[in-house]
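Student: Turn this into a structure:
(chains A and B)
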Amino acid sequence: MSSILTKGCCDTPTGSPVVLDERTPSIDGEIRTVALIGPPNSGKSTLFNRLTRLRQKVGNYPGVTVEQRVGVLAGGGSEIKIIDLPGVYSLTPYSEDERVAVNVLTGKLDGLPRPDAVLLVLDVTHLSRHLVLAAPVIALGLPTLVLLNMADVFADGGGSLDVAKLAGELGTPVAMVSATQETGLDVVQRFLHRDLDRTAPVLPPVLPVVNDLPQCRKWAGEVGTRVDYRRHLPSTWSRKLDDIFLHKFWGPLIFAIVVGACFQTVFGLGQPISAAFQDLLTKMGQYAAPFIPAGILRSLVLDGLWKGVSSVLVFLPQILLLFLFIGLLEDSGYLARAALIADRTMRSVGLNGKAFIPLLSAYACAVPAIMATRTIENKRDRIATILIAPFMTCSARLPIYTLLIAAFIPDRPVLGVFLSSRACVMLSLYVLGFLAAIVTARLLKSSILKSTAAPFAIELPEYRCPTIHSIALRLLDRGRVFLRQAGTIILVVSLLVWVLTNLPIHHGSAPPLEQSVIAHLGHGIEPLIRPLGFNWKIGVGLLTSVIAREVIVGTLGTIYGTDPATHALTLQNALQHDLTFAGAMALLVFFAFAMQCTSTLAIVRRETNSWKWPAIQFAYMTFVAYTAAFAVNQVLSKLLR
Amino acid sequence: MGAQTMQISLLAPPTDRTEPEMESARHGLALIDLEPGETAVIDHLALPPADQHFLMRLGFFPGAQIQFCRRAPLGDPYVYSVDGTQIALRAETARLIVVRRILVLRVPSPDAGDLL
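Tutor: Predicted structure coming up:
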């Protein structure tokens, strides 16, 4: 028996036409796991968020970079797990996403039970194209509910179809829903809790060879004709908006303004918020200090744990701001247009237009930038973008840049009032990072990440007004992913650095810094870094700054502060005493290139789902940094002799 | 553009092609040669199987009607309308999609929605 639901009669199943079919055996047993599948841009994620109300876990499928989302259906009696599958157009195993979807649906994936039922989401405004996916999904033989999403847009545009006939054609219940308007969604509960007749799909007699795409498409077209599908008339204003946003002159201008606003928001607004947040976190630590017994425990809690926690939390404002912006751009439909405009330029370095916004945001912070590369479907392009993002001059480099420039570059006008020598050096460092990124991208794309000229396509969705609900969900989701994934690793590394600075313990208290294990390590690497013009103190700074780049300033402050020879001097003066000009320039260049950021490494591991890429990235960037710093020190010291 | 007219293909379906015809189509019109607003039918995709598959998932099937909408502001990629969705392809790809012009019978139609 299959029952059909149409919009408006969802709460009374008896009111909808019911097609009796005696041949169909009903499935016994309870539904514990259900898979949610649909093509990209079918509104699947919105639906998933609506259905689970954020009771979801985000991870990665083993061995691949495909994100795995498992949620719990909100409401209803028994607990039902929903697996959100990646957006796919078909189940032919050509892409990683499709292989994952097939493996989940057939129960071939370790750790995930085979789903007991399938929710198939199709965008009804693009039914003929999306129905192509229906054939292979229904052919799996699992109880399936077909949800025709975007029913509101479809109806408003004058589209129509015979839902009862479609259910007959597919042999499954079909319901019109709108995930954004949250209408018709109760049908899911009824389907899963068997209030609705949940039956194994009747295989439609004309189901095509499911792996033959042209056949499936032909079948979809024929089904469309038989169910009296009338395509909705797309609103003309979407094309009219494109006449402006993709105009030869206005298009790039608006693009530049949007990009500027994005940069300004994340950098200009995010930076002070992050700084204020950092102050707040430090103050909280100070207020808590008297409540913790003095000595090693207080040091562990405040300098180890709390410092680690703060260094994670301090990224949050920038991450949330960036994803607010990206959410607005993506949900409105502009992000695809931005990628279209940027594609030509990005292609010259071997990347595609979708890499532009992530790379731009890397100027604020590489962490959200790497999380934002998720919009790049081509895996090789995505990994290349992830690998070059940390070369962009992020805000964490500014403290050490400012310190060294102030200490070693005399302030002189270079271009009259326009550019001082100090600004000039700062600008050069930005350019240096940018060049390193471009050269690396070219290198990667012509070697290990060479894509075999795979076609590149951007789907331009219709413009829409972003909803507060979906933006809020996205922010919450990204924030949680970051805290969980980056947080744990940073905590471990911070604790490790703390232990190294506090060992060996003398008479129950921490040793002076120059006698600690980390100082010994600094002395240990001194022969290695002497050719760069660095002494052991800088070496200790380099070691501690693997947590985050800005940490070196604090470490150097501590070292020079406790050193009787320099403790009366400011950090600037102490550095002038201790570093040659060539060494200072080498240190600047080192920081422009080196991967001194555990958060980034943690997020790269998370996004690529392997330690391989962060390891390659760390080794490569450290090598480049070392070589460049070596060259700068050697050349400058010869020149200045 | 196409919204107010009904377009009827007067060409034989692609399955009826003979080998010599296929050969001539290979050197014929490509998607990239269309004028803005012009619609054509895909004859075949002169790309490796994996790439063909990639494009087919997006709706670029032999026999599918494709309308050229516009070029990106910097000249490339090219935006096409496929099954009512706008999809942008780079020139390098659009060059390899061989199409046939369709003879357009301009019939005033109350709505163009009945064409799937």
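Student: So which residue is smack in the middle of chain A?
Tutor: residue A:371 (1.8 Å; CA atoms, centre = their mean).
Student: Now do the contacts for it.
Tutor: A:319, A:323, A:478, A:481, A:482, A:603, A:607 (CB atoms under 8 Å, 6 or more residues apart in numbering or on different chains). All C-beta atoms are positioned from the backbone trio N, CA, C, and that covers glycine.
Student: How about the secondary structure of it?
Tutor: Under DSSP: H, G, I helix; E, B strand; the rest coil, the three-state class of residue A:371 is helix.
Student: quick one: it from chain B, how far?
Tutor: Note on residue A:371: its distance to chain B, by CB to the nearest CB, to the nearest Å, is 25 Å.
Student: hang on, the earlier thing: reformat the contacts of residue A:371 as a markdown table; add secondary structure.
Tutor: Shown next, in a markdown table, are the contacts of residue A:371 (three-state DSSP):
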| residue | secondary structure |
| --- | --- |
| A:319 | helix |
| A:323 | helix |
| A:478 | helix |
| A:481 | helix |
| A:482 | helix |
| A:603 | helix |
| A:607 | helix |
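Student: now, which of those sits nearest chain B?
Tutor: Among those, residue A:607 lies closest to chain B (CB to the nearest CB), at 22.6 Å.
Student: count of neighbours near that closest one?
Tutor: 23 (other CB atoms under 10 Å in any protein chain shown).
Student: Can you give me every residue that contacts the closest residue to it other than its chain neighbours?
Tutor: Sequence neighbours aside, residue A:370 is the residue nearest to residue A:607 in space, at 5.7 Å (criterion: CB to CB, 6 or more residues apart in numbering or on different chains). Residue A:370 sits next to A:358, A:362, A:386, A:389, A:600, A:603, A:604, A:607 when contact means CB under 8 Å, 6+ apart.
Student: how about a cut-off of 6 Å?
Tutor: A:386, A:389, A:603, A:607 (CB atoms under 6 Å, 6 or more residues apart in numbering or on different chains).
Student: repeat for residue B:51
Tutor: Going by CB under 6 Å, 6+ apart, the list of residues near residue B:51 reads residue A:455.
Student: What residues of the helix or strand hosting it count as buried?
Tutor: Assessed by DSSP states H and E, residue B:51 sits inside helix B:49-57. Under the neighbour-count criterion of 16 or more other CB atoms under 10 Å in any protein chain shown, helix B:49-57 has B:51, B:52, B:53, B:54, B:55, B:56, B:57 buried.
Student: Sketch out the strands for chain B, chain order is fine.
Tutor: Counting by DSSP state E, chain B has strands at residues B:5-6, B:39-45, B:65-71, B:78-82, B:85-89, B:97-101, B:107-108.
Student: Nearest to residue A:382, out of these?
Tutor: Closest to residue A:382 of those is strand B:85-89 (CB to CB; 18.3 Å).
Student: The closest one and chain A, any residue contact?
Tutor: Yes. Figure legend: strand B:85-89 in contact with chain A (CB under 6 Å from any CB of the partner chain); contacting residues B:85, B:86, B:87, B:88, B:89.
Student: what packs against that strand?
Tutor: strand A:457-460, strand B:78-82 (3 or more CB pairs under 6 Å, 6 or more residues apart in numbering or on different chains; DSSP states H and E).
Student: would CSV of the ones you listed with mean neighbour count be doable?
Tutor: Below are those laid out as CSV (neighbours: other CB atoms under 10 Å in any protein chain shown):
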stretch, mean neighbour count
strand A:457-460, 21
strand B:78-82, 23
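Student: what would the strands of chain B look like in JSON lines with mean pLDDT?
Tutor: Listed next are these as JSON lines, based on pLDDT from 0 to 100:
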{"stretch": "strand B:5-6", "mean pLDDT": "40"}
{"stretch": "strand B:39-45", "mean pLDDT": "90"}
{"stretch": "strand B:65-71", "mean pLDDT": "91"}
{"stretch": "strand B:78-82", "mean pLDDT": "92"}
{"stretch": "strand B:85-89", "mean pLDDT": "91"}
{"stretch": "strand B:97-101", "mean pLDDT": "90"}
{"stretch": "strand B:107-108", "mean pLDDT": "54"}
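Student: Can you tell me which of those is nearest to residue A:351?
Tutor: strand B:85-89 (15.9 Å).
Student: and the closest one, which strands flank it?
Tutor: Partner strands and pairing direction for strand B:85-89 (DSSP bridges) are strand A:457-460 (antiparallel), strand B:78-82 (antiparallel).
Student: pull the CA atoms of that strand into PDB?
Tutor: Extracted as PDB, the C-alpha positions of strand B:85-89 are listed here (Å, rounded to 0.1, in the frame of the first residue of the first chain):
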ATOM      1  CA  THR B  85      19.200  25.800 -13.800                       C
ATOM      2  CA  GLN B  86      22.000  28.200 -14.700                       C
ATOM      3  CA  ILE B  87      25.400  26.400 -14.800                       C
ATOM      4  CA  ALA B  88      28.700  28.000 -15.700                       C
ATOM      5  CA  LEU B  89      31.300  26.200 -17.600                       C
END
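Student: Give me every residue in the stretch 251-400 of chain A lying close to chain B.
Tutor: Contacts of the stretch 251-400 of chain A with chain B, taken as CB under 6 Å from any CB, map to A:251, A:252, A:340, A:341, A:343, A:344.
Student: what's the helix or strand for the last one?
Tutor: Under the criterion DSSP H and E, the helix or strand holding residue A:344 is helix A:334-347.
Student: list the helices and strands that helix packs on?
Tutor: Packed against helix A:334-347, as judged by 3+ CB pairs under 6 Å, 6+ apart, are the following elements: strand A:457-460.
Student: ok, and what's touching the strand it packs on?
Tutor: Residues from elsewhere that reach strand A:457-460 (CB under 6 Å, 6+ apart): A:336, A:339, A:340, B:58, B:86, B:87, B:88, B:89.
Student: closest to residue A:352 among these?
Tutor: Distances from residue A:352 to the contacts of strand A:457-460, taken by CB to CB, are shortest for residue A:339, at 7.4 Å.
Student: per-residue pLDDT, the closest one?
Tutor: pLDDT, residue A:339: 89.
Student: Isn't it up against residue A:353?
Tutor: Yes. Assessed by CB atoms under 6 Å, residue A:339 is found in contact with residue A:353 at 3.7 Å.
Student: Look up how far chain A lies from residue B:32.
Tutor: In terms of CB to the nearest CB, residue B:32 sits 13 Å off from chain A.
Student: tell me the contacts of that residue?
Tutor: Contacts of residue B:32 (CB under 6 Å, 6+ apart): B:91, B:94, B:95.
Student: what about the helices in the stretch 101-250 of chain A?
Tutor: A:127-139, A:151-156, A:163-170, A:186-192, A:213-226, A:236-245, A:250-263 (DSSP state H, counting those that start in this stretch).
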